[in-house]
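Colleague: What follows is a predicted structure for the sequence shown.
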There are 2 protein chains.
Amino acid sequence: MVSGQVSELQLRQLEKQLRYTFIKPALLLQALTHRSMGAENNERLEFLGDSILNFTAAAELFQAMPNADEGTLSRYRALLVKGETLTEIADELSLSELLILGEGELKSGGHRRKSTLADSVEAIIGAVYLDSGLDESTALVRRLLASRLGNLPQADELKDPKTRLQERMQKDALELPAYELVATYGKAHEQQFEVSCTIADAKPTKGLGTSRRKAEQAAAAAMLAQLA
Amino acid sequence: MVSGQVSELQLRQLEKQLRYTFIKPALLLQALTHRSMGAENNERLEFLGDSILNFTAAAELFQAMPNADEGTLSRYRALLVKGETLTEIADELSLSELLILGEGELKSGGHRRKSTLADSVEAIIGAVYLDSGLDESTALVRRLLASRLGNLPQADELKDPKTRLQERMQKDALELPAYELVATYGKAHEQQFEVSCTIADAKPTKGLGTSRRKAEQAAAAAMLAQLA
């Protein structure tokens, strides 16, 4: 049942951290198995786990924030389910030592790849669902998200820099920021954009990014930092 | 409890169609209430219902298609939860006659707006969840999706035209299609793109669209139609 790369002991320790013991341990192994190992991998479990994660985060936020509007709830959920958050959870669970990967993938550092780690967290959630149903899997999600749910940033901090800058100007009844493309660097598929952000009575700022939109966000962030 | 616009009888009929009777009928009313009515509207319920819909569709497809890979499952789910499908369900439930909208929204035909109708279906799912929990709400989703789950298109038909055309060329070991921008029409924010699609041994086709990508898809669809 246990692959050459993962010991029984390691699996028991993971179950302890998850505070869940699998009825069918094969499901946990499958959740840890990258597609580079062939047909029996964790991609279908990840598909399932992703939707349970999304639902549970939505339900928790709905309850915790009775006055938040739908846009605010969506932004908080995006924060809870984004790849970066899942990668952090994977690190807390030391999943990189437990992933079962094909040799090529292993050699190229696949067990430390952020997307692989994030996917395996979702797959574990899906595996718990198949092992014993929705209640256990949503309970697992609540445990995995608990410290983050108890420690959410202010709603304002979730908005992107352009939105925050615009709202700040509107609040003070000032003219809205102007963004202008200053330069582009590099060839077509590796282009960098440089954008300036101008508001009244402040030094213009600049931002760089791989798209115009990203460069505008960087310029707005620089402006917010300058105003702070 | 009942608004001026919706009668008790209409609500009872909707419950009959849903095969669900609300413990707190106020939740059903809220699910039918558009944001144009003010603060007590259905947007938060929609946020909740959307995630239950997504999870239930994912779980049903996972079970029904034990051999489908994650990409195929995702495409089927997108089909089941997209706005168009939800609008059809809203029509089956005659929701347009039951929506509670502000006067301005009503006058501008808001009760027939596709997005408003789709949103209210998700809000009803969220309302059932709040009324009696996850099991009842996922059971409702299964009822609403039943005919569609029993009647899914072939996996191939779910792919977009460019992908299908490319796969066809690859299968026959032919050169891949070439897309070229032929012309643009109109001003900046209402531009139309015209793109040609060329493959060996066939008459080139053309496609129009509001973005280059959409025009390419239209040209690929025209080519597939020509080859059929």
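Modeller: Looks like it arrived, so ask away.
Colleague: what does the worst-scoring helix or strand of chain A on mean pLDDT rub up against?
Modeller: When each helix and strand of chain A is scored by mean pLDDT, DSSP states H and E, helix A:103-107 comes last, with a mean of 89. By C-beta atoms under 8 Å, 6 or more residues apart in numbering or on different chains, the residues outside helix A:103-107 that reach it are A:His34, A:Ser36, A:His111. From N, CA and C alone the C-beta is placed, and that goes for glycine too.
Colleague: Wait, the first one touches A:Asn41, no?
Modeller: Yes: between A:His34 and A:Asn41 there is a contact at 6.1 Å, judged by C-beta atoms under 8 Å.
Colleague: confidence score at A:Val2?
Modeller: Note for A:Val2: predicted pLDDT of 43.
Colleague: Quick check: can you list the domain ranges of chain A?
Modeller: Per the record, chain A has its domains at A:8-153, A:161-227, by automatic domain parsing.
Colleague: Buried deepest among the ones you listed, which one?
Modeller: Of these, the one with the most neighbours on average (mean count of other C-beta atoms under 10 Å in any protein chain shown) is domain A:8-153, at a mean of 18.
Colleague: and that domain, how far apart are its ends?
Modeller: Taking C-alpha to C-alpha, to the nearest Å as the measure, domain A:8-153 stretches 39 Å from start to finish.
Colleague: Then stretch A:194-207?
Modeller: Stretch A:194-207 end-to-end distance (C-alpha to C-alpha) = 6 Å.
Colleague: Over to stretch A:159-177?
Modeller: With C-alpha to C-alpha as the measure, stretch A:159-177 spans 16 Å from end to end.
Colleague: With just CA atoms, put stretch A:41-55 into PDB.
Modeller: C-alpha atoms of stretch A:41-55 as PDB (Å, rounded to 0.1, in the frame of the first residue of the first chain):
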ATOM      1  CA  ASN A  41      -2.700  10.600  -9.600                       C
ATOM      2  CA  ASN A  42      -4.300  13.300  -7.500                       C
ATOM      3  CA  GLU A  43      -5.800  15.600 -10.200                       C
ATOM      4  CA  ARG A  44      -9.400  14.400  -9.900                       C
ATOM      5  CA  LEU A  45      -9.200  14.600  -6.100                       C
ATOM      6  CA  GLU A  46      -7.900  18.100  -6.400                       C
ATOM      7  CA  PHE A  47     -10.900  19.000  -8.600                       C
ATOM      8  CA  LEU A  48     -13.200  17.800  -5.900                       C
ATOM      9  CA  GLY A  49     -11.200  19.300  -3.000                       C
ATOM     10  CA  ASP A  50     -11.100  22.700  -4.600                       C
ATOM     11  CA  SER A  51     -14.900  23.000  -4.700                       C
ATOM     12  CA  ILE A  52     -15.200  21.900  -1.000                       C
ATOM     13  CA  LEU A  53     -12.500  24.400   0.000                       C
ATOM     14  CA  ASN A  54     -14.400  27.200  -1.900                       C
ATOM     15  CA  PHE A  55     -17.700  26.300  -0.400                       C
END
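Colleague: what's it in contact with?
Modeller: Outside stretch A:41-55, the residues that touch it by C-beta under 8 Å, 6+ apart are A:27, A:30-35, A:77, A:81, A:119-127, A:129-130, A:134, A:137-138, A:141, B:51-52, B:54-55, B:57-59, B:62, B:68-70, B:73-74.
Colleague: distance between stretch A:193-200 and the chain's centre?
Modeller: Remark: stretch A:193-200 is offset 29 Å from the chain centroid, using C-alpha atoms, centre = their mean, to the nearest Å.
Colleague: Stretch A:95-106 now?
Modeller: Centroid separation for stretch A:95-106 versus its chain: 21 Å, with C-alpha atoms, centre = their mean.
Colleague: now do stretch A:107-114
Modeller: Remark: stretch A:107-114 is offset 18 Å from the chain centroid, using C-alpha atoms, centre = their mean.
Colleague: Next, name the residue at the spatial heart of chain A.
Modeller: Residue closest to the mean C-alpha point of chain A, counted by C-alpha atoms, centre = their mean, is A:Lys82 at 1.9 Å.
Colleague: Now that one, what are its backbone angles?
Modeller: Note on A:Lys82: its backbone torsions stand at phi -70, psi 160 [degrees, to the nearest 10].
Colleague: Now do it against B:Gly150, distance only.
Modeller: The gap separating A:Lys82 from B:Gly150 is 35 Å, by C-beta to C-beta, to the nearest Å.
Colleague: A:Pro153 now?
Modeller: Distance from A:Pro153 to B:Gly150, counting by C-beta to C-beta: 44 Å.
Colleague: For chain A, just list every one of the helices.
Modeller: A:8-18, A:25-31, A:43-64, A:70-81, A:83-92, A:103-107, A:114-132, A:134-149, A:161-171, A:212-227 (DSSP state H).
Colleague: Packing partners of the second one?
Modeller: Using 3 or more C-beta pairs under 8 Å, 6 or more residues apart in numbering or on different chains; DSSP states H and E as the contact criterion, the neighbours of helix A:25-31 among helices and strands are helix A:8-18, helix A:43-64, helix A:114-132.
Colleague: what comes into contact with that helix?
Modeller: Identification of contacts with helix A:25-31 by C-beta under 8 Å, 6+ apart yields A:1-3, A:6, A:11, A:14-15, A:22, A:40-42, A:45, A:49, A:100, A:120, A:123-124, A:126-128, A:130-131.
Colleague: what do you get if the cut-off is 7 Å, keeping everything else the same?
Modeller: Contacts of helix A:25-31 with the rest of the structure, by C-beta atoms under 7 Å, 6 or more residues apart in numbering or on different chains, involve A:1-3, A:11, A:22, A:40, A:42, A:45, A:120, A:123-124, A:126-127, A:130-131.
Colleague: what is the mean pLDDT for it?
Modeller: Averaging pLDDT along helix A:25-31 gives 96.
Colleague: Determine how far that helix lies from the middle of the whole chain.
Modeller: Its chain's C-alpha centre lies 23 Å from the corresponding centre of helix A:25-31 when counted by C-alpha atoms, centre = their mean.
Colleague: circling back to that earlier point, lowest average confidence across the domains of chain A, which one?
Modeller: Across those, domain A:161-227 gives the lowest mean pLDDT, at a mean of 91.
Colleague: Spell out which parts of chain A neighbour chain B.
Modeller: Residues of chain A lying close to chain B by C-beta under 7 Å from any C-beta of the partner chain are A:43-44, A:46-48, A:51-52, A:54-55, A:58-59, A:62, A:69-70, A:73-74, A:134.
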